[in-house]
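Engineer: just to be clear, the model below is a prediction. Sequence and coordinates:
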Amino acid sequence: MTRRGAALEVAVLGLLHDAPMHGYELRKQVNALLGWGRILSYGTLYPALKALGRAGYVVADETVDPEGRGRRPRIVYQLTAEGKEHFAQALEDSGPSAWDDETFGVRFAFFSRTDAASRVRILEGRRSRLEERLENVRAAGQRKRDRADSYTLELQRHGLESVEREVRWLTELIDRERSGGYPDTDDGTTETSTTTEK
């Protein structure tokens, strides 16, 4: 399976873990999860759903319009017990595939369902990968600096600043995780601690 396919699988399983959905709603939620830079087509979503169905992770049920307006039945997808188990196993994987550009954001979206040790391993792996990338880009930039035009240099500077910003953010998250992380509530959301003044 490709990295993009693995990210889509985790996204679909995670969203269906929360609630059954029909294809339109699922596509909308996956697009929100993947971020503004990537749009998922139905031509990508439905084959992924069929593959998950063949694997026994998802079932599709037709629902009829309760008001009888003659609309086509909608297909609602829901996770099976095997799908829930597969999703839990996917979240336990904290190796290099969880650090890459294709899957990190999706994995991060489901961090509240991941144990603290796995979160730290993923965050540290992502930071390490980005730091290595920074070193390579800086070294290559120094060699090519004399031959590059102003726009190329500006694009390189923008890319470096973006990666440096993400490295700082990851360092803050790692420090927060090591000091106790976000306190999770029963419904998977996070709480912020408040103090009352006397």
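Structural biologist: Happy to help now that I have it. Numbers count the residues shown, from 1 in each chain.

Engineer: what's the offset of stretch 25-43 from the middle of its chain?
Structural biologist: Computed by CA atoms, centre = their mean, to the nearest Å, the chain-centroid distance of stretch 25-43 equals 11 Å.

Engineer: restricting to C-alpha, output it in CSV.
Structural biologist: Below are the C-alpha coordinates for stretch 25-43, written out as CSV (Å, rounded to 0.1, in the frame of the first residue of the first chain):
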residue,chain,number,x,y,z
GLU,A,25,-20.1,13.2,4.6
LEU,A,26,-17.1,10.9,4.8
ARG,A,27,-15.4,12.6,1.9
LYS,A,28,-16.1,16.0,3.4
GLN,A,29,-14.6,14.9,6.8
VAL,A,30,-11.6,13.3,5.2
ASN,A,31,-10.9,16.4,3.2
ALA,A,32,-11.1,18.5,6.4
LEU,A,33,-8.7,16.0,8.1
LEU,A,34,-6.2,15.9,5.2
GLY,A,35,-6.0,19.7,5.1
TRP,A,36,-6.6,22.5,2.6
GLY,A,37,-3.8,21.5,0.3
ARG,A,38,-5.3,18.1,-0.6
ILE,A,39,-8.7,17.3,-2.0
LEU,A,40,-9.9,13.7,-2.0
SER,A,41,-12.0,12.7,-5.0
TYR,A,42,-14.8,10.1,-5.0
GLY,A,43,-12.7,8.2,-7.5
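
Engineer: report the rounded mean pLDDT for the helix or strand harbouring L26.
Structural biologist: Using DSSP states H and E, L26 sits within helix 23-34. For helix 23-34, the mean pLDDT works out to 88.
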